[in-house]
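> Any chance you could fold what I've pasted below:
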Amino acid sequence: MNLVIKDLNVVTKDQEKEILKDFSLEILPGKIHTIMGPNGTGKSTLSKIIMGSSDYEVKEGDILYNGKSILPLTVDERSRLGIFLAMQSPISIEGVTNSEFLRTALNERREQPIGIYQFMKDMEQGMKDLKMDSSMMHRSINKDFSGGERKKNEILQLKLLKPELIILDELDSGLDVDSLKIVCDNIQEYRKENPTCSLLIITHYTKILDYLIPDYVHIMKNGKIRKTGPLDLAKQIENCGFNYTEDVSELVTNE
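The predicted structure follows:
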């Protein structure tokens, strides 16, 4: 899997706000990339743009997935290609159960529908791995789920749908320490079984990076990548904050 974002310029649908400006980034096969940056810089918006949200308009540039532009594709078409977004605030959908939703989504990716026995077996195992109550299988999607349960439900979808590119938009928000470890352990196990799978982590904090150790850390500010480095860069951010020198190529302390 390879995702290349080339010189992307994006505005809101009403044309009133520029979100990304000359934004470029390459997500390499089998690697973990992390994007950090101050609030309002466009990190979460980037994940929505990759997925094809209709709230934004691409004015210039391209997004290539395995060498082909995905800009003409709808959200569901991008999903079927193997791109998965674990949302920052998963919504609830009353009247559609977790099992109904997941089986329908899974069958959209298969030439032959999955058998009900195999599907139930896989789903039950996934819920067991995530330490989810089995009753959630038959409940409406995220209805009356806690914040942590909603995040676990996102990872359950990941485990069954088996994407090639995983985008985690602030997965750590709403998770306690134990739940964070559980979901990260499940993601790591999935990556071991799917070594070409790539991971893009969008986060404010470094705790999740103790479990999902990035190959690359990208610092984003004002709609574009300003600095890229190893894990040490994230630790520097933790100590220094997001203040920059004039040329925004070096981090400075808050003194």
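
> chain center to the one helix or strand in the chain whose mean pLDDT sits lowest, what's the gap?
The element with the least model confidence among the helices and strands of the chain, by mean pLDDT, DSSP states H and E, is helix 231-240, at a mean of 88. Mean-position distance between helix 231-240 and its chain equals 21 Å (C-alpha atoms, centre = their mean, to the nearest Å).

> Which strands or helices does that helix pack on?
If contacts are counted by 3 or more C-beta pairs under 8 Å, 6 or more residues apart in numbering; DSSP states H and E, helix 231-240 sits against strand 32-36, strand 216-221. (C-beta placed from N, C-alpha, C; glycine too.)

> Tell me which of these approaches residue 117 most closely.
Distances from residue 117 to each of the helices and strands packed on helix 231-240 were compared by C-beta to C-beta, and the smallest falls on strand 32-36, at 34.7 Å.

> what's the following helix or strand past that closest one packed up against?
As assigned by DSSP states H and E, the chain's next helix or strand after strand 32-36 is helix 43-51. Contacts of helix 43-51 with other secondary structure elements, assessed using 3+ C-beta pairs under 8 Å, 6+ apart, are made with strand 3-12, strand 18-27, strand 32-36, strand 56-65, helix 75-81, strand 83-86, strand 165-169, strand 198-202.

> For these, give me JSON lines that also has mean pLDDT and mean neighbour count.
As requested, those are exported to JSON lines (pLDDT from 0 to 100; neighbours: other C-beta atoms under 10 Å):
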{"stretch": "strand 3-12", "mean pLDDT": "95", "mean neighbour count": "18"}
{"stretch": "strand 18-27", "mean pLDDT": "94", "mean neighbour count": "18"}
{"stretch": "strand 32-36", "mean pLDDT": "97", "mean neighbour count": "24"}
{"stretch": "strand 56-65", "mean pLDDT": "96", "mean neighbour count": "16"}
{"stretch": "helix 75-81", "mean pLDDT": "94", "mean neighbour count": "16"}
{"stretch": "strand 83-86", "mean pLDDT": "96", "mean neighbour count": "23"}
{"stretch": "strand 165-169", "mean pLDDT": "97", "mean neighbour count": "25"}
{"stretch": "strand 198-202", "mean pLDDT": "97", "mean neighbour count": "23"}
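
> For the ones you listed, give me CSV that also has distance to residue 48.
As requested, the helices and strands packed on helix 43-51 are exported to CSV (distance: least, C-beta to C-beta, whole Å):
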stretch, distance to residue 48
strand 3-12, 10
strand 18-27, 10
strand 32-36, 13
strand 56-65, 7
helix 75-81, 9
strand 83-86, 8
strand 165-169, 8
strand 198-202, 11
